[in-house]
Every structure is written in structure tokens, then in C-alpha cells.
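Engineer: got a sequence here, can you model it:
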Amino acid sequence: MNTRCQAIPVPVPVTAPVLGDAHRWKVLAVGVAANASFSAAANGMPTTAIWLRSGYHLSNTELGVALGAMGLGVALTELPWGIATDRWGDRPVLLTGLLGTMLALLALLLWITPAGGSVPPLWALAAGLALVGVLGGSVNGASGRAVMRWFGPGERGFAMSIRQTAVPLGGGLGALILPSLASRYGFMPVFGALALVCGLSAFFTWRWMQEPDFSAEAAKGPHNASKSLSGIKPLPPLRNRKVWRMVAAIGLLCVPQFAVLSYATVFLHDHGGLGLAAITAVMVALQAGAMVMRIWSGRHTDRHANRPAYLRGSALVALASFILLGCIAWLEAPGWLLMAAVVLAGIAVSAWHGVAYTELATEAGGANAGTALGMANTAVYVGLFLTPMAIPHLLAASNWSVVWWLAGLVALLTWPLFPKP
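Structural biologist: Now for the predicted structure:
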């Protein structure tokens, strides 16, 4: 099948002609904004790990609990959010989740920040961050389902990859802003800034997020999202073995990514002796590189129809990059080489997301995309919960090289789980 085709316009509801073909780009923008808002918290908070550890008087093990709490919150609710999206639509789920996340962050700001010599207990911090995860997890499946429904087969990989750039975009902005706020002013402005961006995303969701209508003649067209691209109605996601294999692969390949995002700042500080400016530069470069590679990979796989082969190759590239990072750590290399290796590994293990989510949603069918994406994000955020908790124990028993080598081994385990070309 030749995928070098011009995108077929999205069918527009006859009752709402004002939403022309170009409206899908506004929907995509809303999805990017919503995901970036939550990513600024989920991936930005770990960049404050050094100051979180000192400000809340935490050990490395307790720090792992705090950093993993948000992932636990998301993991517990991703599937329910996905099912709710398939049932009630993207708009109400996104609005509920974004506004709820904003309120949870404001609660952290008001009652769970160190002030006047008083330090909140670990359980309160972990519970507050877990609540942010419970509510913020709504953005993942909802905005992904919207992209699959508004964009045609020849554009979906590209559009979904743009949507997935929101994760490194939010994480990059968090890495650029949050460590400076935390180191200079404490965590009240950190939680306040995150609440503000969630509120702004909720406004744009209210303004632009609309549900396309695939009824009547639209259901006859190539955008009928209840079918896979093969034209065969797929099994429900919870009964589809191919969906489960993809879910497992996505969840496992996120483990080395979370290892970098959660503990790269601690690694560079404790092992490399680097300061705030160098650490911030590394994390921003990592997230910027991940954004570029996600867009490129989506466009590349749309043009060549090679998503399965690309995903299998991504697992091997991630393995190689983490072996290299472990070797550089073992050799006690200079700081600039540690920085380059962390950036390389972080980009290598982050570039595949949009392609994987497109392949998963295509297999499930657009009408079930919310559920399938919810399944995947449950696996992803189980990894976000467990990875930061496991690393301190690995460090206590070994060293940083072993941590990075084991992360590469986890990446290798995903190779047979991705579909064969």
C-alpha cells in the first residue's frame, strides 16, 4: 500500500459546518497543551529531586516513594479514564481532569509545602502527588483518542507524534523552570506554576475541543474509526492479544526512560559533581531532542509504513545507548561526557512514543482508542511508580553502571513484544 498519499479530509458534521477541516489542528493543539501541562508535573517534578530531597528532609529511598507517587496515581486510574473517554467523549474528561489537577496542585501549594521550619510528612507529600496523578492521568487517553478520530490514516502517525511531543515539551519546560523555582523560592511557586498551566489548558479545551461526527455518510468513509486500517472490525481491547502485547512493550520500554528522567539529576549531581546550570542544560537538551525525534519518527513511519520495524529498532537503539551510558559511568568519565551520554540515552528511549501509540490505537480501532491508550498508560505509569522506588535499592547493592545496564536490558525485553514487520 502506498502511504505517500495526500491526507484525506476529515468528515465534518453536517449540523456544524463551521468546524471545517482545519479545526483538527486546533484539536491537536488542545491535546498538546493538555499533555504538556500534566507532563510539566509528571516529568518536571523529578528534575527538582535534589531540592525535594533536602526541602522535605528525605532519604534516597523516601525520595523514590515521593517521585513514584504520581505514577501510582496515574496507573490506578488510566484505564477508567480511557473507558470514560470512549463512553462520554474527550471534552468532558479533559475538562474534569485538568480542573481537578489544578485544584490538587493548589492544595499542595497551600497545605503540603515546607514553611516556617515546618516540614510536611512524607505520607502527605506522596498522597498529594498521587492525587495529581489520579486526576492528571485523564489527559493521556482522551487527547490521543481525539487525534485518532480527527486525522486520516496518512496523517495519524505524524499527528500522534506531534501530540506525544507534549511529554518532552512539558518536561523540558519543567526542567527549565522548576529547579530554579525550587532552589530559590521553595515549592510553593513550583506547585503554583503547575496549577496555572493546567488552568490555561482547561480554558483552551473548553474553547476548542469538539467531538467529530462519524454518523450517517461519514461512517462509510475511510475515517470510520471503528475499524482498523485493514477494514476489519477489531476485537475489544481487553480481549485482543495483540493489544496486550503492545501494552506490555510500551510499559517496559518506558522503564529506562523513567530511570533517566527520575534520577539523571541525582546521578549528575552525586556521581558527576555537576551544578544547577549543567544539570538544567542536560535535562532541557534531552527533552528538546526527544521532541524533534518524535516528530521525525512519526513523519518517517507515515511515509514508509514501517511502524513495527521502527519500534523493534528503537528497542535495540535504547539498549545500545544505555550500555554506553553504563560504560561511561564505570570509567569515571569527565562531566561533559556524562552529560552527553545522558542526553543520548534519554533521546534514544523517548523517540518512539508517538509511533507506538499510533500502532496501538490503530490495532484497537478509533472507537476503542481511549480504552487501549488507557491500558498502555496504566502500564507506563506502573513503571513510573516502580522505577524510582527500585533504583535506590539497586544503588545500595551495586553502582550507577549496573543501574544503567539493567535499564538497557529491560529495553531489550520489549523487542519480541512489538509486532513483526
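Engineer: remind me which residues of this protein are low pLDDT?
Structural biologist: Along the chain, segments meeting pLDDT under 70 span 1-21, 211-234, 366.
Engineer: how near is the most centrally placed residue in it to Gly186?
Structural biologist: In the chain, the centroid-proximal residue (CA atoms, centre = their mean) is Val167; its distance is 4.7 Å. Val167 sits 26 Å away from Gly186, going by CB to CB, to the nearest Å. C-beta here means a position set from N, CA and C on the backbone, and glycine is covered the same way.
Engineer: which stretches in the stretch 151-300 of the chain count as helices?
Structural biologist: Under the criterion DSSP state H, counting those that start in this stretch, helices of the stretch 151-300 of the chain are mapped to 156-164, 166-185, 188-208, 241-266, 276-304.
Engineer: nearest to Gly89, out of these?
Structural biologist: The minimum distance between Gly89 and the helices of the stretch 151-300 of the chain falls on helix 188-208, with 11.7 Å, by CB to CB.
Engineer: which residues are in contact with the closest one?
Structural biologist: Applying CB atoms under 8 Å, 6 or more residues apart in numbering, the contact partners of helix 188-208 are 23, 26-27, 29-30, 33-34, 36-38, 40-41, 44-45, 48, 91, 94-95, 98-99, 101-103, 105-106, 108-109, 113, 115, 136, 174, 177-178, 181-182.
Engineer: show the buried residues in those residues.
Structural biologist: By neighbour count, with 16 or more other CB atoms under 10 Å, the contacts of helix 188-208 hold 23, 26-27, 29-30, 33-34, 36-38, 40-41, 44-45, 48, 91, 94-95, 98-99, 101-102, 105-106, 108-109, 113, 136, 174, 177-178, 181-182 as buried.
Engineer: among those residues, which ones are in helices?
Structural biologist: 23, 26-27, 29-30, 33-34, 36-38, 40-41, 91, 94-95, 98-99, 101-102, 105-106, 108-109, 136, 174, 177-178, 181-182 (DSSP state H).
Engineer: which residues belonging to stretch 281-294 are considered buried?
Structural biologist: Buried, per 16+ other CB under 10 Å, within stretch 281-294: Val282, Met283, Val284, Ala285, Leu286, Gln287, Ala288, Gly289, Ala290, Met291, Met293, Arg294.
Engineer: same deal with stretch 263-282?
Structural biologist: 263-269, 271-272, 274, 278-280, 282.
Engineer: and if you look at stretch 71-91?
Structural biologist: Buried residues in stretch 71-91 (16+ other CB under 10 Å): 71-86, 89-91.
Engineer: and for stretch 123-138?
Structural biologist: Applying 16+ other CB under 10 Å to stretch 123-138 flags 125-126, 128-138 as buried.
Engineer: off-centre distance for that stretch?
Structural biologist: 16 Å (CA atoms, centre = their mean, to the nearest Å).
Engineer: ditto for stretch 335-346
Structural biologist: A distance of 21 Å separates the centroid of the chain from that of stretch 335-346, by CA atoms, centre = their mean.
Engineer: now swap in stretch 239-256 and tell me
Structural biologist: Distance, centroid of stretch 239-256 to centroid of chain: 15 Å (CA atoms, centre = their mean).
Engineer: measure the nearest residue to Trp352 once chain neighbours are set aside to Arg307 for me?
Structural biologist: Excluding the flanking residues, the one nearest Trp352 by CB to CB, 6 or more residues apart in numbering is Ser314, at 3.9 Å. Ser314 sits 10 Å away from Arg307, going by CB to CB.
Engineer: intersection of neighbour lists for those two?
Structural biologist: Val355.
Engineer: ok so, going back, now for the buried residues of stretch 281-294: which two are most distant?
Structural biologist: Using CB to CB, the two most remote members of these are Val282 and Arg294, lying 18.7 Å apart.
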